[in-house]
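Student: dropping the sequence and predicted coords here.
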Amino acid sequence: MKIEDFLEKNEVREITIFKQLVLNNGKLTYFDMLDYLSVSKASLETDLDSIAVKIAECDLQVHIHYDGQIIALEMSDTVSLQHIYRHYLDQSIKVEIIKFLFKHQKFTITQLSQKLVISESSLYRKIKELNTHLKEFDIKIRNGQLNGEELQIRYFYFQFYYYIEDKTYLLSKYAGKQMTQAVQTLEKFLDAEISPENRQKLIIWLIISKTRITIKDQQVDNLRMQMKPYLKDPLYHKIQVMVFRYFSRYSIEVDEGEAMIHFAYLLAFSILSENDFHEYRMIRDRHAPIASVDTQVAETIIIHFNFRRLPYMLERDMYYHLTHIHTRLYFFQGDVEIYEYQEILSNEKQIVGSHLVFFADELLKVSTEKFNRESSESNSLFRTEVPKYISLLILITSKTAKVLQVGIDLKIDDLYKETFSQLLMRKMRPLNGIQTEAYEPNKTYDLILTNESPENQRIYKEARVYILAKILSDYDMENIQQIILELNT
């Protein structure tokens, strides 16, 4: 599910206009925008007029100028695309439907259509559109309520209030003394210290859980099956005791299903600090599904990079992040994509090359096969986990890389030589673990970049030599990144 799924088609186009202007330094020709949007001139004119009206209605310091040829964006330093998204989402009917469902748990078509001031046929259409996107979470709006596994429903609400709706409103309305005490109780039972950022995440989760706790006949059958290997888990046992004691204060009857829900959430969303998680990892069952996949993926990474072993703290850090990834893959379905998947991959490829992206895909395949889940690019949860694997791989390679000395020795006219050498150094700047400079005969290098085969290989001593196919080409950059990785391992 994407944030744009809560908007109308014309609103998505309007947001896209903003995004394209930001990505193109605030200016784009009228015809380039037409080509990108693949719409008629009349549609683009309508969108620009609509944007002008919306900007006038809000207090954001944003302006779009159009002189008949160039579309230009002017934004205050204090405004971002997120603020513009927020303005559009605040007017979304689909957002209002989810908010009403969360607050009241159930509705009638007549009641909700009157509340939203829309026709019943329009409401039916909006619900149908929402259900199309909720399908990947394996939940559905039916008979005026949200149906599905309780863990999935709470997970969706958490994603919604953390990434879609303005969470400050939810926190200001519901996060009182009782929520603070609940967090303190959890810290006490787990003997853990929760950071301010994770504390906010946890409070949002607890608010959602408190709202859902009195729902009768909650579905937890699938969760019970998933939890069978964890019934003797030490962390689950602590959570179970805490949940029973906490809710007994308010005369609310809960069973072990409630503890299971909180166990899945706490492991998936990095609520525990790395240090507290490490203490848990030392005593958890290493044959349980998530721990087993953590080990298999970690070993796959170590073998791939030909490491003998990782530094102790880096290994701890790796397992910390792997458990979050694998807990989500094991327990949850669906995700809200707050970043553009292809854009993230494109940016990461520029830094690390496509080889790490392919390896991240392999790691996802390893974990999903182990969990007996079919990997698919259409599943947003799988799409969002690939960049996380890539980020972890970047973290590992950057912390284990030695600084390689790279010499640039271009055989061209002196003026061009200096210019192109500087441009090549600038293009290589994002690469981790290298020191690049113009070649000096009296120095020792790990890698030499040149555009002609040397007559005498010994001139470069023991350095590896790479002949540039074309100076500054992306083809060469891809190969250089792979060579650097090989030299570091």
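Tutor: Looks like it came in fine.

Student: what's around Val53, how many residues?
Tutor: The number of residues packed near Val53 is 8, by other C-beta atoms under 10 Å. From N, CA and C alone the C-beta is placed, and that goes for glycine too.

Student: so which helix or strand takes in it?
Tutor: Following DSSP states H and E, the helix or strand that holds Val53 is helix 41-57.

Student: so what's the gap between that helix and the chain middle?
Tutor: 31 Å (C-alpha atoms, centre = their mean, to the nearest Å).

Student: name the residues that touch it?
Tutor: Under the contact criterion C-beta atoms under 8 Å, 6 or more residues apart in numbering, helix 41-57 has outside partners 10, 13-14, 17-18, 30, 33-34, 37, 39, 62-64, 66, 71, 87-88.

Student: spatially nearest residue to the most centrally placed residue in the chain (excluding sequence neighbours)?
Tutor: When C-alpha atoms, centre = their mean is applied to the chain, the residue found nearest the centroid is Thr384 (5.1 Å). Sequence neighbours aside, Asp335 is the residue nearest to Thr384 in space, at 4.8 Å (criterion: C-beta to C-beta, 6 or more residues apart in numbering).

Student: circling back: give me the buried subset of the contacts of helix 41-57.
Tutor: By neighbour count, with 16 or more other C-beta atoms under 10 Å, the contacts of helix 41-57 hold 13-14, 17-18, 30, 33, 39, 62, 64, 66, 71, 87-88 as buried.

Student: looking at these, which are in strands?
Tutor: Among the buried ones among the contacts of helix 41-57, the members found in strands (DSSP state E) are Val62, Ile64, Tyr66, Ile71.

Student: how about CSV for those residues, with distance to Ile55 and pLDDT added?
Tutor: Putting these into CSV (distance: C-beta to C-beta, whole Å; pLDDT from 0 to 100) gives the following:
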residue, distance to Ile55, pLDDT
Val62, 6, 86
Ile64, 7, 86
Tyr66, 13, 85
Ile71, 14, 90
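
Student: which among those gets closest to Asp409?
Tutor: Among those, Ile71 lies closest to Asp409 (C-beta to C-beta), at 45.6 Å.

Student: hey, what's that closest one bridged with?
Tutor: Each beta-bridge partner of Ile71 is listed here: Leu28, Tyr66, as defined by DSSP bridges.

Student: the one helix or strand the residue nearest to the centre of the chain maps to - contacts with which helices or strands?
Tutor: Secondary structure here is read from DSSP H and E; on that basis Thr384 sits in helix 380-400. Contacts defined by 3 or more C-beta pairs under 8 Å, 6 or more residues apart in numbering; DSSP states H and E place helix 380-400 against helix 312-331, helix 341-352, helix 354-370, helix 474-488.

Student: apply 7 Å and report the result again.
Tutor: helix 312-331, helix 341-352, helix 354-370 (3 or more C-beta pairs under 7 Å, 6 or more residues apart in numbering; DSSP states H and E).

Student: quick one: the longest one to helix 354-370, angle?
Tutor: What separates the directions of helix 312-331 and helix 354-370 is an angle of 50 degrees, with axes from the mean of the first three to the mean of the last three C-alpha atoms, to 10 degrees.

Student: tell me if Ser270 really is in a helix.
Tutor: No. Judged by DSSP: H, G, I helix; E, B strand; the rest coil, Ser270 forms no part of a helix; its state is coil.

Student: and the closest residue to it other than its chain neighbours, how many neighbours?
Tutor: Leaving out its chain neighbours, the residue that sits closest to Ser270 by C-beta to C-beta, 6+ apart is His324, at 5.2 Å. Using other C-beta under 10 Å, His324 has 20 neighbouring residues.

Student: would you confirm that His324 contacts Leu266?
Tutor: No. At 10.5 Å, His324 does not count as touching Leu266 under the criterion of C-beta atoms under 7 Å.

Student: next, the buried residues of stretch 30-47.
Tutor: The neighbour-count criterion (16+ other C-beta under 10 Å) identifies Tyr30, Met33, Val39, Leu44, Asp47 as the buried residues of stretch 30-47.

Student: same question for stretch 304-317.
Tutor: So for stretch 304-317, counting by 16+ other C-beta under 10 Å, buried means His304, Phe305, Leu310, Asp317.

Student: could the helices and strands packed on helix 380-400 go into JSON lines alongside mean pLDDT?
Tutor: Below are these laid out as JSON lines (pLDDT from 0 to 100):
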{"stretch": "helix 312-331", "mean pLDDT": "94"}
{"stretch": "helix 341-352", "mean pLDDT": "57"}
{"stretch": "helix 354-370", "mean pLDDT": "87"}
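
Student: as JSON lines, the ones you listed with distance to Asp409 would be great.
Tutor: Formatted as JSON lines, the entries for the helices and strands packed on helix 380-400 read as follows, by distance: least, C-beta to C-beta, whole Å:
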{"stretch": "helix 312-331", "distance to Asp409": "35"}
{"stretch": "helix 341-352", "distance to Asp409": "25"}
{"stretch": "helix 354-370", "distance to Asp409": "26"}
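
Student: pick the most deeply packed of the ones you listed.
Tutor: With neighbours defined by mean count of other C-beta atoms under 10 Å, none of those is more surrounded on average than helix 312-331, at a mean of 19.

Student: how big is the angle separating it from helix 380-400?
Tutor: The directions of helix 312-331 and helix 380-400 differ by 170 degrees, with the same axes, to 10 degrees as the criterion.
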